[in-house]
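*Asks:* quick one, structure for this:
(chains A and B)
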Amino acid sequence: MATRLMFENSCEVGVFSKLTNAYCLVAIGGSESFYSTFEAELADHIPVVKTSIAGTRIIGRLCAGNKNGLLLPHTTTDQELQQLRNSLPDQVVVQRVDEKLSALGNCIACNDHVALTHTDLDRETEELVADVLGVEVFRQTIAGNILVGSYCAFSNRGGLVHPHTSIEDLDELSTLLQVPLVAGTVNRGSEVIAAGMTVNDWTAFCGADTTATELSVIESVFKLREAQPTAIVDEMRKSLIDSYV
Amino acid sequence: MAESSMFRVPQTIGHILCCKCGVPIVPNGANMCVTCLRSEVDITEGLKKHVIIMHCPECDSYFEPPRTWIKAQLESKELLKFCIGKLGDLNKKVRLVDASFVWTEPHSKRIKVKLTVQKEVLNGAILEQSYVVEYVQQDHMCESCTRIQANPDQWVAAVQLRQHVPHRRTFFYLEQLILKHGAASQAIKIKQVDEGIDFFFANRSHAMRFVEFVGKVTPLRNRHDKQLVSHDPKSNNYNYKYTFSVEICPICREDLICLPPKVATSLGNLGPIVICTKVTDRIALLDPFTLRHCFLSADQYWRVPFKSLFTSRQFVEYIVLDVEPVSNEVDFGGTKYKLADVQVARKSDFGRNDNIFYVRTHLGHLLNAGDYALGYDIYGANSNDMELDKYRGLTLPDAILVKKSYGEKHEKKRGKARPWKLKSLEMEVDESKGRSDNDKMASEYEGFLRDLEENPELRFNISLYRNREYQPSENASMTTGDDLPSVPLEELLADLDISDDEDEENNMRD
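*Replies:* Residues are numbered from 1 along each chain as shown, chains lettered A, B, ... in the order given. You can find the predicted model right below:
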């Protein structure tokens, strides 16, 4: 189910939050309404953690992660790192990355299996991404933009990309990511998809300006209508128990 | 192995859903379909849609503040330009792509203009929209029409040209100059009066321009005055009638002058007896005995104004008996002069008595024995000039020859048409003096035309037109073979053609 909300009068929800299948990070805002919306929706299933990264609130754009791990920029302070390690479940590997391009959220877009990265990312960072997040890494551009993390948002079920993406590009990306993709907009025609919304396998949060059309597109491509969170989380638990034993 | 040309994948842009209405569209800057964009953004917001303009029904012109009235027909280019100008500076807000008139009934007093404008909206998308502006035409008579309606003969500025000489040669010449340069094109009325012409204008600046034009071609002095006609105390507007009183200097060509002692010394002791050879904006004076020449400008003249001793009306005809050249040819202002001692006798004396005068003349290059010449008879004259009295011990010659004459030949030619003609200004003649001197005027005009024939430099500033009614008769062909100066055909304008300069003149040599 897709929810519409605002962070302190801004519709760019994807900037101030990071949502994955195993956890959710939320920025510290003036009012608690942002946090409580996330909590109301997710607290039963996954931990919702309030944090800052490098002393800023733009945590969604600075970090990149999936259910396996979380990558933080080198500007993250030690206390933040420790706090995140404590708050997140043990199976999530939290790792600080020494990378010149420190806005990892803009440079890396990933789900639990595949990741797309900025074309100029370091070799070591790419290997780290493959290790920590447990994904296959592809260097790509989207509609000619190198900031893949900003212009597309995808989960294990589907993805939404920049509206000017050509059909050939769409086909190619779809093949790489192995999920259905659609070109669309969010927040009343904004092209910066990942900044305007954040998504996981069963729920999505969009900015308050998102029109009904956009919302329906999002719900259909990410297959949110029939998604049951419990089923997905249980599946994860099962696989975890398996590995424990 | 890299290929020489890169393999480029053909890119086809897909469709996305319009974020508002869900209809599939090609992605644009706003990612909305055109209808949704139009409903969102109105680029004509803030532009004028209704304007009031003033129109004068008499002269069909439109008011452009603060003062001008622009003449324009309905649905014309000028009107479109005026209407768009009335909307204020459009370019600051939108880009104007197209403008055209929407037809309205002429008597409806409404003008409609359809404008197409473009503007950039919402990060990059350019939207184009047409809208109609309605102009309400309010009738309001313009100032000039009001003035004409109130009093059709109303003038605002008048120029009174006067020259205190008994002939009208200057005015004939001036008339031709004015015609050639179109200086009186803005005159409402021209009136001919005794000793001058009055010009009436609707505007003080037109009158000033005319006075300056005349000042360039004749030496004059002027004074101006104004008279209050009406006064609007609320807006502090004063309406005046302006008059310019212009006096042309009375010295004419071929006049004999005795210079006042002051003027003579200021010109370098130029002999007090001088002949005026040419009058433009300066007076050219020639001393016939020393062949010295000088120019006198208008203000130099008016500082110590003097009158001529003899004017060309007092010409006496002489027969040249003998010529002895004294000096070489001197070129002065394009004309050559040569000093010579001549023996002359008055025509009236010739054959009757033996009065022969030995005089020095500057016309040595022109005269030969047996020629006729015109000059001033000082021997027989009783001059009453104050300036002359101031000189003590001044010996005056008996006669001064001024120009060569073609008297007899002109007698033959009188009454025959000339191959050229002149245009004339439309003038009202002032009948109030009751003078019946039309004959005098006609003979003066004839003299003026003869002057034009003889002097190519006079013709320089004047347009001559080919006389289509002229048919050369047999008699004329005989006389034109003679050494009579006439206007060469190349100089004549065939009415509105541009004439070439004269290339050769019929000169008067035997």
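*Asks:* rest of the way, CA atoms for contacts and neighbours
*Replies:* OK.
*Asks:* how about the residues of chain A by chain B?
*Replies:* A:163-169, A:183-186, A:188-190, A:211-214 (CA under 8 Å from any CA of the partner chain).
*Asks:* filter these down to the buried ones, PyMOL style.
*Replies:* Selecting only the buried entries of the residues of chain A next to chain B in PyMOL, with 16 or more other CA atoms under 10 Å in any protein chain shown as the criterion:
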select buried, chain A and resi 163+164+165+166+167+169+183+184+185+186+188+189+190+211+213+214
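*Asks:* closest residue of the stretch 251-400 of chain B to chain A?
*Replies:* B:D281 (79.8 Å; CA to the nearest CA).
*Asks:* which residues does that residue contact?
*Replies:* B:D281 makes contact with B:G215, B:K216, B:V217, B:T218, B:P219, B:L220, B:S297, B:A298, according to CA atoms under 8 Å, 6 or more residues apart in numbering or on different chains.
*Asks:* and the residues you listed, which is closest to chain A?
*Replies:* Nearest member of those to chain A, counting by CA to the nearest CA, is B:K216, at 75.0 Å.
*Asks:* contacts only, for B:V211.
*Replies:* B:V211 touches B:V159, B:V246, counting by CA under 8 Å, 6+ apart.
*Asks:* quick check: it is in a strand.
*Replies:* No. According to DSSP: H, G, I helix; E, B strand; the rest coil, B:V211 belongs to no strand; its state is helix.
*Asks:* quick check: it vs B:D225, distance?
*Replies:* In this view, B:V211 and B:D225 are 14 Å apart by CA to CA, to the nearest Å.
*Asks:* now do B:E324
*Replies:* For B:E324 relative to B:D225 (CA to CA), the value is 56 Å.
*Asks:* and A:E39, by the same measure?
*Replies:* 96 Å.
*Asks:* the more surrounded of these two?
*Replies:* A:E39 (18 against 11; other CA atoms under 10 Å in any protein chain shown).
*Asks:* low pLDDT regions in the chain?
*Replies:* No chain was given, so I picked chain A. A:231-245 (pLDDT under 70).
*Asks:* oops, I was thinking of chain B
*Replies:* In chain B, residues with pLDDT under 70: B:1-4, B:152-153, B:332-334, B:393, B:407-417, B:430-437, B:468-510.
*Asks:* helices of chain A, start to end?
*Replies:* With DSSP state H as the criterion, chain A has helices at A:13-16, A:33-42, A:59-62, A:78-87, A:104-107, A:123-133, A:148-151, A:167-177, A:193-196, A:212-221, A:229-244.
*Asks:* list the helices and strands the third one packs on?
*Replies:* This means helix A:59-62. helix A:13-16, strand A:17-19, strand A:24-27, helix A:104-107 (3 or more CA pairs under 8 Å, 6 or more residues apart in numbering or on different chains; DSSP states H and E).
*Asks:* can I get those in CSV with mean neighbour count and distance to B:D42?
*Replies:* Converted to CSV, those look like this (neighbours: other CA atoms under 10 Å in any protein chain shown; distance: least, CA to CA, whole Å):
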stretch, mean neighbour count, distance to B:D42
helix A:13-16, 27, 29
strand A:17-19, 28, 36
strand A:24-27, 23, 38
helix A:104-107, 26, 35
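*Asks:* and those: which comes nearest B:M141?
*Replies:* helix A:13-16 (66.4 Å; CA to CA).
*Asks:* show me the contact partners of that closest one.
*Replies:* A:5-7, A:26-27, A:57-61, A:194-198, A:205-207.
*Asks:* and the gap between the residue of chain A found nearest chain B and A:V217?
*Replies:* Going by CA to the nearest CA, chain B is nearest to A:S166 of chain A, at 4.4 Å. Counting by CA to CA, the gap from A:S166 to A:V217 is 18 Å.
*Asks:* per-domain residue ranges of chain B.
*Replies:* With automatic domain parsing as the criterion, the domains of chain B are listed as B:42-143, B:147-248, B:269-383+B:394-405, B:414-472+B:483-493.
*Asks:* what sits against B:Q160?
*Replies:* B:G196, B:I197, B:D198, B:F199, B:T243, B:F244, B:S245, B:V246.
*Asks:* are we agreed that the fourth one is in a strand?
*Replies:* Read that as B:F199. Yes. Assessed with three-state DSSP, B:F199 lies in a strand.
*Asks:* please report how far the nearest residue to B:H231 once chain neighbours are set aside lies from B:K226.
*Replies:* Spatial nearest neighbour of B:H231, excluding adjacent residues (CA to CA, 6 or more residues apart in numbering or on different chains): B:Y238 at 4.6 Å. According to CA to CA, B:Y238 stands 11 Å off from B:K226.
*Asks:* just checking, A:V129 touches A:F138?
*Replies:* No. Using CA atoms under 8 Å, A:V129 is not in contact with A:F138; the gap is 10.7 Å.
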